[in-house]
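> Sequence isn't available, so here's the structure alone:
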């Protein structure tokens, strides 16, 4: 009986965590992505070392807007990344607010099932783009020079719990 209660408590905790993050690619979920970014040493260090974070058009931050293409009525979400204390830090995760400049910023979209596959590490960004599973708009040369961190970013999608059955609400 005790084992069953323990299992039920663990399942409830997992469900609560998923619910707390909200629907995948919702503004609440984006906050979890921002926190996961900041906990990832590859993203926070290598994107400074490569100079990626400095290409910000003088705004003091880079923008990545992402969305689920099979949820066409849903709003996009945005992560803003700035250089702080020698690290590439996510300073905002939420509803898309910034006008994207694709010479510095990124726009990425895929079907929900493809985001889930990439988040599980079933394939990385190069294969995803070659197979048209991930659509990308932004500075291609810069992205190509940062494939390791780019793959780490896609893996964050699998680390942040979120409901994939519903589309984010407007």
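Perfect, I can see it now. Bear in mind the structure is a predicted one, so any value in this text is a computation, not a measurement. Numbering: from 1, shown residues only.

> Quick check: what element follows the lowest-mean-pLDDT helix or strand in the chain along the chain?
Sorted by mean pLDDT, DSSP states H and E, the helices and strands of the chain end with helix 2-21, the least confident at a mean of 41. Using DSSP states H and E, the helix or strand that follows helix 2-21 in sequence is helix 27-38.

> Show me which residues of that next one are buried.
Buried residues in helix 27-38, counting neighbours by 16 or more other C-beta atoms under 10 Å, are found at 27, 28, 29, 30, 31, 32, 33, 34, 36, 37, 38. The C-beta positions use only the backbone N, C-alpha and C, and glycine is treated the same way.

> what sits up against it?
If you take C-beta atoms under 8 Å, 6 or more residues apart in numbering as the criterion, helix 27-38 is touched by 20-23, 43-44, 75, 77-79, 81, 89-95, 153, 156-157, 159-162, 168.

> Quick one: buried ones out of these?
Neighbour-count burial (16+ other C-beta under 10 Å) applied to the contacts of helix 27-38 gives 21-23, 43-44, 75, 77-79, 81, 89-90, 92-94, 153, 156-157, 160-162, 168.

> Sort out for me which of those residues are in strands.
Using DSSP state E, the members of those that fall in strands are 77, 78, 79, 81, 89, 90, 92, 93, 94.

> And the furthest pair within these?
In these, two members sit farther apart than any others by C-beta to C-beta. They are 77 and 89, at 17.5 Å.

> can you list contacts of stretch 91-111?
Contacts with stretch 91-111, where a contact means C-beta under 8 Å, 6+ apart, come from 27, 30-35, 37, 55-57, 61-70, 75-82, 84, 118, 128, 133-139, 143.

> End to end on it, go ahead and measure it.
Its start and end residues considered, stretch 91-111 measures 26 Å (C-alpha to C-alpha, to the nearest Å).

> could you give the mean pLDDT of it?
On average, the pLDDT along stretch 91-111 is 97.

> what comes up buried for that stretch?
The neighbour-count criterion (16+ other C-beta under 10 Å) identifies 92, 93, 94, 96, 100, 104, 105, 106, 107, 108, 109, 110 as the buried residues of stretch 91-111.

> Restricted to strands, list the residues you listed.
Per DSSP E, the buried residues of stretch 91-111 map to strands at 92, 93, 94, 106, 107, 108, 109, 110.

> I'd like the residues you listed written out as JSON lines, with distance to residue 48 added.
Below are these laid out as JSON lines (distance: C-beta to C-beta, whole Å):
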{"residue": "92", "distance to residue 48": "18"}
{"residue": "93", "distance to residue 48": "19"}
{"residue": "94", "distance to residue 48": "23"}
{"residue": "106", "distance to residue 48": "17"}
{"residue": "107", "distance to residue 48": "23"}
{"residue": "108", "distance to residue 48": "21"}
{"residue": "109", "distance to residue 48": "27"}
{"residue": "110", "distance to residue 48": "27"}
